[in-house]
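**Q** Everything below, folded, please.
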Amino acid sequence: MLLVISDGQPHDIDVHDPRYLVEDARQAVRSARRQGLTVRWLALDAASAPARRIFGAPALR
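**A** Residues are numbered from 1 along each chain as shown. From the prediction side, this is the model:
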């Protein structure tokens, strides 16, 4: 199991396009799930649009 605790906003020091950051993180989560990992997330702002796009519906409330 992979538990991600986040503020819900993807960030990278050398990429500034928020759309790319969200899609890159989303693909990483999808890849982990395809490999059999259970991915759960807890965000400070569970209603965050980027977090919902990356992880899907909140698993932990």
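**Q** buried set for stretch 44-58?
**A** Of the residues in stretch 44-58, Ala46, Ser48, Pro50, Ala51, Arg52, Ile54, Phe55 count as buried by neighbour count, 16 or more other CB atoms under 10 Å. C-beta here means a position set from N, CA and C on the backbone, and glycine is covered the same way.
**Q** And the fifth one, how far from Tyr20?
**A** When you say that, I think you mean Arg52. From Arg52 across to Tyr20, the span is 17 Å (CB to CB, to the nearest Å).
**Q** still on that earlier bit, the buried residues of stretch 44-58 in helices, which ones?
**A** Pro50, Ala51, Arg52, Ile54, Phe55 (DSSP state H).
**Q** per-residue confidence for Leu37?
**A** Note for Leu37: predicted pLDDT of 95.
**Q** Could you confirm it falls within a helix?
**A** No: assigned with DSSP: H, G, I helix; E, B strand; the rest coil, Leu37 falls outside any helix and is coil.
**Q** pretty sure it is touching Ala28, no?
**A** No: with contact defined as CB atoms under 8 Å, Leu37 does not count as touching Ala28 (10.7 Å).
**Q** Report the buried residues of stretch 21-41.
**A** Leu21, Val22, Ala25, Arg26, Val29, Val39, Trp41.
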